[in-house]
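Peer 1: dropping a prediction and its sequence here:
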Amino acid sequence: FAEREGTIWLDGEMVPWGEAKVHVLTHTLHYGLGVFEGVRAYKTPDRGTCIFKLKEHTERLFNSAKILTMDMPYDRETLIEAQRAVVKANELEEAYLRPMCFYGSEGMGLRADGLKTHVMVAAWEWPSYMDPEAVARGIKVRTSSYTRHHVNITMCKAKANGNYINSMLALREALESGAEEALLLDNEGYVAEGSGENVFIVRRGKIHTPELTSCLDGITRATVFAFAEELGLEIIERRITRDEVYVADEAFFTGTAAEVVPIRMLDGREIGSGSRGPITEQMQSMYFDAVRGNRPQNAEWLTPVA
Ligand code: PMP
């Protein structure tokens, strides 16, 4: 992955892919304090390739840095331009973008004094995070034995590098058990989120999703809220138990990488009909239309790269 054609934006410069390197004493590599984003760009019919909710992702990156008290050496506008430039320079029609801010190798202590924040933006083709079949059929999910971060152990609203140890442990466990994704519960046992997705359930025509307490404030989650409002559907944010998911009519995950993906089974229990439900399908189709520029009413969510 490190040796390929292409260009990566690193500290204000376009660097050949294979030369975008850091030292082994890079601070973030040792302790995990860094922040990042996952962003997607899609091909649209009349505006070329567009980045979806670029402003919102960039804002969350800055918020993550603020929460972790990382100095940001660039302003929002510079990073917005860097993200557009990377998609353009790599001639990508559709892309996954990875901006990240990390501490360099200027020192090693936990005090992290005298460290410089470095910023990189890479982009590559990453068609679908989930199996294409999963989009229509849904995925099998397993409740994790790993608890989602407690709000006072790490900062759940920061998309921080180190937070993802928890996600990776949960995902590996789920994959090993034959499931495709994990459902993590919070420290009190209520449903929190997937390893990299927010979760929703549908019951009797109403949509429910966990409060933001211990989950990431997902940008796709907010997009689903906007669609629900447009459709006149209510979304209730509240504590949800895992057995409520078992007996839900529908359940689905949302995330930039995973997009909108139905959950067809949790812990061996079929959810609803055992395949994609009608509200999930509606959210999926609105989402795919919005990101690909086929919903004029959501045109402001798209930033053309050229
Ligand atoms: N929760 C976690 C833990 C995530 O990593 C992600 C992906 N960023 C999400 C939820 C979904 O967030 P978004 O819709 O902004 O991608």
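Peer 2: The structure has been received and is ready for your questions.

Peer 1: so residue 57 belongs to a helix, correct?
Peer 2: Yes - according to DSSP: H, G, I helix; E, B strand; the rest coil, residue 57 belongs to a helix.

Peer 1: spit out the contact partners of it.
Peer 2: By CB atoms under 8 Å, 6 or more residues apart in numbering, the residues touching residue 57 are 37-39, 99, 219, 256. Backbone N, C-alpha and C define where each C-beta goes, glycine included.

Peer 1: let's go with 10 Å and repeat that
Peer 2: 37-40, 51, 79-80, 83, 97, 99, 159, 219, 256 (CB atoms under 10 Å, 6 or more residues apart in numbering).

Peer 1: does residue 81 touch residue 9 like I think?
Peer 2: Yes - counting by CB atoms under 10 Å, residue 81 touches residue 9, with 9.3 Å between them.

Peer 1: which residues touch residue 2?
Peer 2: So residue 2 contacts 17-21 (CB under 10 Å, 6+ apart).

Peer 1: between residue 81 and residue 9, what contacts are shared?
Peer 2: What both residue 81 and residue 9 touch, as defined by CB under 10 Å, 6+ apart, is the set residue 121.

Peer 1: residue of the stretch 51-200 of the chain nearest the ligand, please.
Peer 2: residue 196 (3.8 Å; CB to the nearest ligand atom).

Peer 1: got a pLDDT number for the nearest residue in space to residue 61 that is not next to it in sequence?
Peer 2: Closest residue in space to residue 61, ignoring its immediate chain neighbours: residue 37 at 4.9 Å, by CB to CB, 6 or more residues apart in numbering. pLDDT recorded at residue 37 is 98.

Peer 1: one more: residue 80?
Peer 2: Looking at residue 80, its pLDDT is 98.

Peer 1: now residue 128
Peer 2: 78.

Peer 1: tell me the contacts of it?
Peer 2: 134-135, 257-259, 261.

Peer 1: now, which of the contacts of residue 2 sits nearest the ligand?
Peer 2: Distances from the ligand to the contacts of residue 2, taken as CB to the nearest ligand atom, are shortest for residue 20 (22.2 Å).

Peer 1: the closest one is in contact with residue 8, isn't it?
Peer 2: Yes - between residue 20 and residue 8 a contact is recorded at 3.9 Å, counting by CB under 10 Å.

Peer 1: which one of those two is surrounded by more residues?
Peer 2: Set residue 20 next to residue 8 and count neighbours by other CB atoms under 10 Å: residue 8 wins out with 22 against 19.

Peer 1: the more buried one in helix, strand or coil?
Peer 2: Here residue 8 takes the strand state, with states given by three-state DSSP.

Peer 1: return the distance of it relative to residue 51.
Peer 2: 16 Å (CB to CB, to the nearest Å).

Peer 1: interface residues of the stretch 1-150 of the chain facing the ligand?
Peer 2: Contact residues (CB under 6 Å from any ligand atom) of the stretch 1-150 of the chain with the ligand: residue 38.

Peer 1: strands of the stretch 1-150 of the chain, residue ranges please.
Peer 2: Counting by DSSP state E, counting those that start in this stretch, the stretch 1-150 of the chain has strands at residues 7-10, 13-16, 34-36, 39-43, 49-52, 95-103, 117-124, 139-147.

Peer 1: so what strands line up beside the second one?
Peer 2: Note on strand 13-16: by DSSP bridges, its sheet partners are strand 7-10 (antiparallel).

Peer 1: how near is residue 277 to residue 207?
Peer 2: 11 Å.

Peer 1: and residue 299, that's in a helix?
Peer 2: Yes - checked against three-state DSSP, residue 299 lies within a helix.

Peer 1: show me the contacts for the closest residue in space to it that isn't next to it in sequence.
Peer 2: Distances taken as CB to CB, 6+ apart place residue 293 nearest to residue 299, at 7.3 Å, with adjacent residues excluded. Shown in contact with residue 293 (CB under 10 Å, 6+ apart): 42-50, 52, 299, 301-302, 304.

Peer 1: same thing but 7 Å
Peer 2: For residue 293, the contacting residues are 44-47, 50, 302, by CB atoms under 7 Å, 6 or more residues apart in numbering.

Peer 1: which two in those residues are spaced the farthest apart?
Peer 2: Greatest spatial distance among these (CB to CB): 45 and 302, at 11.4 Å.

Peer 1: mean pLDDT per helix and strand in the protein: which one sits at the bottom?
Peer 2: helix 132-137 (a mean of 88; mean pLDDT, DSSP states H and E).

Peer 1: who does it touch, helix- and strand-wise?
Peer 2: Under the contact criterion of 3 or more CB pairs under 7 Å, 6 or more residues apart in numbering; DSSP states H and E, helix 132-137 touches strand 259-266.
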